[in-house]
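Chemist: A structural model of the following input is requested.
(chains A, B and C)
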Amino acid sequence: MSVPRRGGRPLARAFYDRATLDVARDLLGKVLVHRTADGTAAGLIVETEAYVGESDPACHAAPGPTRRNAPLYGEPGHAYVYFTYGMHCLFYAVTERRGFPAAVLVRAIEPIEGEALMRRRRGRPHLAPHDVGRGPGNLARALGITLAENRADLTRAPARGPALWIEDRGTRVGDIGWTARIGIRVGTELAWRCFVVGSRAVSGSRSVASSE
DNA sequence: CGTTCGATGCACT
DNA sequence: GTGCATCGAACGT
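Modeler: As a prediction, this is how the structure comes out:
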C-alpha cells in the first residue's frame, strides 16, 4: 500500500449512510484517530466486520431495541462502543439510515501516529508494531476508546479538544479478503468480515489469514 | 504451531 | 443468574 500523507478531514455522514458491507470494505485503508488530553493516536484500519439489522442473528440488534444497543438505531456516523467480558471495549461505526440498526466493527489497525502512547496504554512496551492494534479489544485499549466514547459523533473534529473520527489520508490498500466473522456463535454462514490481505496486524489465526 | 481456560462487569430476561 | 462480537497465559504437539 502507498505511503500515507497527513492531514485528512473526518469522513462525511454520507459515507456511513450506505449499505454496511460497502462501508466495511471502504473503511479498509482509512485512519481511525482519537485525540485526548494524553495526545493523539491513530491507526490504519486493516480489518472490519459488518453487523446488519435485526435479521442478522449475530447483530446486537437481533433481540430488538434495548437500552444497550440504542446507538445502532441512531444516526449513522456515530460511535457504538460495546463493553464485553468484563474488561474489553469494542469500537463500531454506526451505518445505514436512522432507525435501521447496523454497524461496522473495527477489528485491527496498524499504528500510524502516537505509537508510544498506544504502547503505554496497552501496558506492554515490547509488543511488535503489528500487535499494538491487533484485535478489537486491543485496538480500543491502545486508542483509549472506552464507554465514554459511546455515541460520539465521528464526523466532527474540532481544532482542539478531545475528538474521535475516521479520515482518509489517501492510503490505497491492496487485495481484500472476505471470511466469516470471528468470535460469534450464530450467523457464521455469512462472510461479512473483510481484511487487507498480507497485513500482519489482521487478527485471527495467522496461518489461516495468510492463506486467504 | 495448536487448544484450553480464567479473568471480570454489565445488560438483559 | 446467564452469557458474552476478548485476551493472554499455560500447556500440548
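
Chemist: let me see the contact set for the residue nearest to the spatial centre of chain A.
Modeler: What sits nearest the mean C-alpha location of chain A, by C-alpha atoms, centre = their mean, is residue A:106, with 2.1 Å. Residue A:106 makes contact with A:27, A:32, A:45, A:47-48, A:91-93, A:136, A:139 under the criterion C-beta atoms under 8 Å, 6 or more residues apart in numbering. Heads up, the C-betas are built off the backbone N, CA and C, glycines and all.

Chemist: please apply the same query to residue A:201.
Modeler: A:46-47, A:108-110, A:130-131, A:133-134.

Chemist: repeat that for residue A:140.
Modeler: A:81, A:88-91, A:146.

Chemist: name the helices or strands packed onto the longest strand belonging to chain A?
Modeler: In chain A, with assignment by DSSP state E, the single longest strand is strand A:39-52. Here strand A:39-52 touches helix A:20-27, strand A:31-36, strand A:102-113, helix A:115-122, helix A:136-143, strand A:193-196, going by 3 or more C-beta pairs under 8 Å, 6 or more residues apart in numbering; DSSP states H and E.

Chemist: what does the most far-flung residue of chain A relative to its centre show for phi and psi?
Modeler: Relative to the mean C-alpha coordinate of chain A, counting by C-alpha atoms, centre = their mean, the farthest residue is residue A:126 (23.7 Å). Here is the backbone geometry of residue A:126 (degrees, to the nearest 10): phi -100, psi 10.

Chemist: going by distance to residue A:175, which of the contacts of residue A:106 wins?
Modeler: Distance ranking of the contacts of residue A:106 against residue A:175, using C-beta to C-beta, places residue A:47 first at 13.4 Å.

Chemist: how about the contacts made by that closest one?
Modeler: A:28, A:106-108, A:193-196, A:199, A:201-203.

Chemist: if we can go back for a sec, can you say which of the helices and strands packed on strand A:39-52 is nearest to residue A:154?
Modeler: Here strand A:31-36 is closest among the helices and strands packed on strand A:39-52 (C-beta to C-beta), at 9.0 Å.

Chemist: tell me the strands beside that closest one, with direction?
Modeler: Strand pairing for strand A:31-36, using DSSP bridges, gives strand A:39-52 (antiparallel), strand A:163-167 (antiparallel).

Chemist: point out the most buried one among these.
Modeler: Among these, the stretch with the highest mean neighbour count (mean count of other C-beta atoms under 10 Å) is strand A:39-52, at a mean of 25.

Chemist: residues contacting residue A:66?
Modeler: If a contact means C-beta under 8 Å, 6+ apart, then residue A:66 has no contacts.
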